[in-house]
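Asker: Here is the input, now give the coordinates:
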Amino acid sequence: MSTSLRRRGNEKDKGIKKKRKRNTDDVITTSSVPAVMTSPLGVGGQKGVVEEGLEALVFGSDRNIIANLSTRPGVSFELRSDSGEGSDSEGEEVVTEEGGRKVAWVDESDQFEIKLSHPKIQKQTEGTPRGDELQTHLRQQFTKITGGTPSWAKLQDQRPRKISDDEQSDDEEDREFLRHARNYLSKSESLPRETLDLKRCTDVNKACPTNGRVMALEFHPAAKVLLTAGLDQSLNLFQVDGKNNPKIQSVFVKDFPIYDAHFSRSGEEVVMVSNHRHFFVYDMIGGSVVRMPFTKDRTERYMRKFTASPDGQYLVFLGRYGYIHMMSSKSKEIVASLKMNGKARSVAFTPDGSTMMSFGDDGDVYVWDMNTRDCIHRFTDHGCVQGSTLALSPDCQYLACGSHSGIVNIYDNNTCHSAVNPTPLRAVSNLLTPITRTVFNSHSDILAISSSTADNALRLVHVPSQTVFKNFPDITSHLGHVTALHFSPNSGYLSVGNNKGQALLYRLSHYTHC
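Answerer: Residues are numbered from 1 along each chain as shown. Next up is the predicted model:
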């Protein structure tokens, strides 16, 4: 009996050991943890087998991570090798979207299905979408509505760079230079023939308009300053910038309606004339106004029109009975008088002031040597009924003669000095009323002609081709009756005075400098 009990006890011990062994094998298969520990947990420089097994059980192994990524919908991965031989070699795992950018993380909560109650969204998404599908659909709808991805939703390198004020001003100057670079590369003959690029600016005298018609209007020879004067007995000076045009100075001369006013060639004085036996000189440096009488032995009642010579030596007054009085610019005394057969209507000088040309109402043009004060030539304006105005181009190549019939003849100046009855290069007949103003610009490629007796009676002539610009004035131009006009020293501005007291300003974009 004892023997049998002993056998049963041994068999029972063997069964317990086998059972323990089977349980141990089951645990190892499930958790992949070996039964032997090389070191306690957290002790020593190397991880034990059990610790590595626990980490693999909790966090998963490298192979499990890659396997899980490959089965996740909407996400792909690729293995990059340093050797660049393909995906078979070991490399870095990179999770990417369809756009090619690296995915920072993947939210597992986006994978559950969403039940939508709105029928329109159900139709667009075709059933019950997952979270990531709904997100893609909403992103597409937002992009469709807004017209693109807004700047705040773009990455830093995709956003437009903010431009500072200095950089913006530099870019505008570069564009302005490139737009008008032809002025630096070619001559003024490149001015277009039929269309003139010009725009209306703020009126020069908007801050202080003339009460009545503008009788005198002129740009300063050196500064960006314009003078206006009229029958309201006021002389006004404005700084021309094309935008604000602030007023610099205003001079009121009592009982002296101003019929004509000009800057001296030095730009330090302004001379004003009226229907009196005296005139006034405004000293711009000292700010004083001085009354100057004409010579007492002269029979002139008044002289309401004059011109300053380009060399700054003379003030030339147009008197009665064909007299032209030459006054010294320094002493303000008449030093000589020239006589024409007809009534003197207009005079013009060569740029050096050595030669003067005068135009009479009888249609004859006189050429005077200012050194000897003798008439050296005389010719007749072709077809002229009654002469009214005369202009000589700054390059001395062209001469323009206007008459009461509305015709302006353009001559070759060299031909006029050798012929008695020269033939004009072109007779401009676009105006039908008496011509009162003819002015060349400083580049000698634009001639402005006007009449003060009709509305919008102003034309700009392309001098090299002797054709009239078609786009000015147009139906939107409200020039009124043009009583005065002048170009700025660099031809960038054209100012037009009218009977409404306005000094209109136009910017000629062909010329870079004003």
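
Asker: Go ahead and confirm Met303 touches Val316.
Answerer: No: at 10.0 Å, Met303 and Val316 do not qualify as touching, with contact defined as Cβ atoms under 8 Å. In short, each C-beta sits where N, CA and C put it, glycine included.

Asker: tell me, what's touching these two both at once?
Answerer: His325 (Cβ atoms under 8 Å, 6 or more residues apart in numbering).

Asker: can you give me the helices in the stretch 151-300 of the chain?
Answerer: 165-179, 182-185 (DSSP state H, counting those that start in this stretch).

Asker: Can you give the contact residues for stretch 450-462?
Answerer: Defining contact as Cβ under 8 Å, 6+ apart, one finds that stretch 450-462 is touched by 191-194, 196, 406, 408, 410, 428, 430-437, 445-449, 467-469, 472-473, 477-483, 485, 496, 499.

Asker: what do you get if the cut-off is 6 Å, keeping everything else the same?
Answerer: 193, 428, 430-431, 433-437, 446-449, 468-469, 472-473, 479, 481-483, 485 (Cβ atoms under 6 Å, 6 or more residues apart in numbering).

Asker: Next, count neighbours for the residue lying closest to Lys243 once chain neighbours are set aside.
Answerer: With Cβ to Cβ, 6 or more residues apart in numbering as the measure, Thr202 is the residue that lies nearest to Lys243, at 5.9 Å, once sequence neighbours are left out. By other Cβ atoms under 10 Å, 15 other residues sit near Thr202.

Asker: Check Leu392 too.
Answerer: Leu392 - counted by other Cβ under 10 Å - has 24 other residues nearby.

Asker: Who is it paired with across the strands?
Answerer: Note on Leu392: beta-bridge partners Leu399, judged by DSSP bridges.

Asker: Would you check that it makes contact with Ala348?
Answerer: Yes: between Leu392 and Ala348 there is a contact under Cβ atoms under 6 Å: 4.1 Å.

Asker: related to what we said a few turns ago, for the residue nearest to Lys243, give me the pLDDT.
Answerer: At Thr202, the model reports a pLDDT of 95.

Asker: swap in Tyr259?
Answerer: 96.

Asker: Helix, strand or coil: sort out the closest residue to it other than its chain neighbours for me.
Answerer: In this structure, Tyr259 finds its nearest non-sequential neighbour in Arg304, 4.1 Å apart by Cβ to Cβ, 6+ apart. Under the three-state scheme (DSSP: H, G, I helix; E, B strand; the rest coil), Arg304 adopts coil.

Asker: what helix or strand does Ser477 sit in?
Answerer: Using DSSP states H and E, Ser477 is not contained in any helix or strand.

Asker: So which residues of the stretch 351-500 of the chain form helices?
Answerer: Under DSSP H, counting those that start in this stretch, the stretch 351-500 of the chain gives helices at 413-416.

Asker: Sketch out the low-pLDDT regions of it for me.
Answerer: Scanning the stretch 351-500 of the chain for pLDDT under 70 picks out no residues.

Asker: wait, the residue nearest to Tyr259 sits on Ile258?
Answerer: No: with contact defined as Cβ under 6 Å, Arg304 does not count as touching Ile258 (9.5 Å).

Asker: which residues of the stretch 401-514 of the chain fall in strands?
Answerer: Assigned strands in the stretch 401-514 of the chain, in chain order: 408-412, 426-428, 437-440, 446-450, 458-462, 467-468, 482-487, 493-498, 503-508 (criterion: DSSP state E, counting those that start in this stretch).

Asker: OK, contacts around the residue nearest to Thr415 when sequence neighbours are not counted?
Answerer: Excluding the flanking residues, the one nearest Thr415 by Cβ to Cβ, 6+ apart is Pro422, at 4.8 Å. Residues counted as contacts of Pro422 (Cβ under 6 Å, 6+ apart) are Phe379, Tyr411, Thr415, Cys416.

Asker: Just the buried ones from these?
Answerer: Among the contacts of Pro422, those classed as buried by 16 or more other Cβ atoms under 10 Å are Phe379, Tyr411, Cys416.

Asker: Nearest residue to the last one in space, please, no chain neighbours.
Answerer: This means Cys416. Using Cβ to Cβ, 6+ apart, the closest residue to Cys416 is Pro422 (5.1 Å).

Asker: low-scoring stretches of the stretch 151-300 of the chain, by residue?
Answerer: 156-189, 296-298.

Asker: mind listing the strands for it?
Answerer: Counting by DSSP E, counting those that start in this stretch, the strands of the stretch 151-300 of the chain are 198-201, 214-219, 225-230, 234-239, 247-252, 260-263, 269-273, 278-283, 288-293.

Asker: List the strands paired with the first one, with their directions.
Answerer: The partner list of strand 198-201 in its sheet, established with DSSP bridges, is strand 503-508 (antiparallel).

Asker: what's the angle from the partner strand to strand 446-450?
Answerer: Per axes from the mean of the first three to the mean of the last three Cα atoms, to 10 degrees, the angle that strand 503-508 makes with strand 446-450 is 150 degrees.

Asker: Contacts for strand 503-508, please.
Answerer: 198-201, 203-205, 214, 217, 228, 242, 492, 494-497.

Asker: Please work out the average pLDDT along it.
Answerer: Strand 503-508 shows a mean pLDDT of 96.

Asker: Could you give the number of residues near the residue nearest to Tyr259?
Answerer: Neighbours of Arg304 using other Cβ under 10 Å come to 16.

Asker: And for the one 10 residues further on?
Answerer: By the measure other Cβ under 10 Å, the count of residues near Tyr314 is 24.

Asker: Skip the chain neighbours and tell me the closest residue to it.
Answerer: Leaving aside its chain neighbours, Tyr314 sits nearest to Met326 (4.9 Å; criterion: Cβ to Cβ, 6+ apart).

Asker: can I assume the one you found sits in a helix?
Answerer: No: applying three-state DSSP, one finds Met326 to be strand, outside a helix.

Asker: so what's it bridging to?
Answerer: Bridge pairing for Met326 - DSSP bridges - gives Val316, Ala336.

Asker: Quick check: it vs Lys144, distance?
Answerer: Look at Met326 and Lys144: by Cβ to Cβ, to the nearest Å, they are 81 Å apart.

Asker: the more surrounded of these two?
Answerer: Under the criterion of other Cβ under 10 Å, the comparison of Met326 against Lys144 puts Met326 first, with 19 against 9.

Asker: so that one sits right up against Glu333, yeah?
Answerer: No: at 10.1 Å, Met326 does not count as touching Glu333 under the criterion of Cβ under 6 Å.

Asker: Quick check: neighbours shared by those two?
Answerer: Joint contacts of Met326 and Glu333 (Cβ under 6 Å, 6+ apart) do not exist.

Asker: one step back: format the strands of the stretch 401-514 of the chain as TSV; extra columns: distance to Gly402.
Answerer: Compiled in TSV, the strands of the stretch 401-514 of the chain are given as follows (distance: least, Cβ to Cβ, whole Å):
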stretch	distance to Gly402
strand 408-412	5
strand 426-428	9
strand 437-440	5
strand 446-450	6
strand 458-462	11
strand 467-468	14
strand 482-487	13
strand 493-498	17
strand 503-508	21
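
Asker: Looks to me like Glu52 is in a strand.
Answerer: No: Glu52 is assigned helix when assessed by three-state DSSP, not a strand.

Asker: what's around it, how many residues?
Answerer: 15.

Asker: Likewise for Val214?
Answerer: By other Cβ under 10 Å, the burial measure for Val214, its neighbour count, is 31.
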